[in-house]
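Asker: quick one, fold the following:
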Amino acid sequence: MDFGLYPQSRKIQMNKILFGFFLLVPALAFAQSSSDNEIFLDQTGDTLTLTIDQIGYGNKLCGTLSAGICDSDWTITGSTLTINIDMIGNSNQIFGPTILDSSSLDITLTGDSNVWDWNVGYVGSADSSDLLVDFTGDSNQVDLDWGYVASAERLDFDFTVLGSSNVFDIDLEADDITWNVSVTGDSNNMVSNIKDGAYNSLTLDFTGDSGDIDINQWSGTCPTGVSSCFSVIDATINSDNATITINQKDSSD
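Answerer: Below is the predicted model of the structure:
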């Protein structure tokens, strides 16, 4: 018997195992990075009707991101746009810069651990817009910046939330804002900053325990020929163990 063959045979078997392992690792890495649905969109033009439905886990409507993949696009620019977005599932994400005038947006997210992070009108404008948003689920996050340095004229915003442990950071900067908010669920955290408006109105209906609410509202400069401008907060809160902070002032104070 040639005992020298045994180490050789063993070496060949180990090489096969290692080779198979190196083939498997890139395959797994590729599967993890490409298993989620992604939409890249760069659009310029008026009178657009855009409908997007994404159903599943970990989907992304992009405008940047990086380690979580995607990495850019979703740049929407135009006037008189009609946009309808429905995302159903968990850990879905919406990102991207948007410039629009005289437009209507309807956004619905259903599921847990979803993220909506938008800046609208940071460059350009976001005039005369109608925004309808519905969130259903837990542990969702919203970071919305609407208008920038008086780049938005009017915003009619209806925001409905059903779920717990959600975090919302919403900054609105426009001449004339009507914002209606309904939140139902426990341990929700909402920060609202409303700026620069001659007329700002926030109607809040908040139901759920351990709520944490911060509202900051600044009146802006009155339009030419108008001697009085104002802001209004109408809040109905049904919550045990709630923490509520409201700051309301004229821009000159």
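Asker: which residue ranges make up the domains of the protein?
Answerer: Taking automatic domain parsing as the reference, the chain has its domains at 1-35, 38-250.
Asker: which intervals of this structure have sub-threshold pLDDT?
Answerer: Residues of the chain meeting the criterion pLDDT under 70: 1-35, 63-72, 122-125, 148-152, 196-198, 220-228, 251-253.
Asker: that one: helices as residue ranges?
Answerer: 5-34 (DSSP state H).
Asker: so which residue is dead centre in it?
Answerer: Closest residue to the average C-alpha location of the chain: W116 at 1.6 Å, with CA atoms, centre = their mean.
Asker: and stretch 40-51, how far out from the chain's middle?
Answerer: 18 Å (CA atoms, centre = their mean, to the nearest Å).
Asker: start at 80, not 1
Answerer: Happy to do that; since the first residue is 80 now, the last one works out to stretch 119-130.
Asker: CA atoms only: put it into PDB for me.
Answerer: Extracted in PDB, the C-alpha atoms of stretch 119-130 (Å, rounded to 0.1, in the frame of the first residue of the first chain):
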ATOM      1  CA  PHE A 119     -34.500  54.300  -9.700                       C
ATOM      2  CA  LEU A 120     -36.400  57.200 -11.200                       C
ATOM      3  CA  ASP A 121     -35.300  60.600 -12.700                       C
ATOM      4  CA  GLN A 122     -38.100  62.500 -14.300                       C
ATOM      5  CA  THR A 123     -38.500  66.100 -15.600                       C
ATOM      6  CA  GLY A 124     -41.700  67.400 -17.100                       C
ATOM      7  CA  ASP A 125     -45.100  68.700 -16.400                       C
ATOM      8  CA  THR A 126     -48.600  67.100 -16.100                       C
ATOM      9  CA  LEU A 127     -47.200  63.700 -15.000                       C
ATOM     10  CA  THR A 128     -49.400  61.000 -13.600                       C
ATOM     11  CA  LEU A 129     -47.200  58.500 -11.700                       C
ATOM     12  CA  THR A 130     -48.500  55.400  -9.900                       C
END
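Asker: good, wrapping up.
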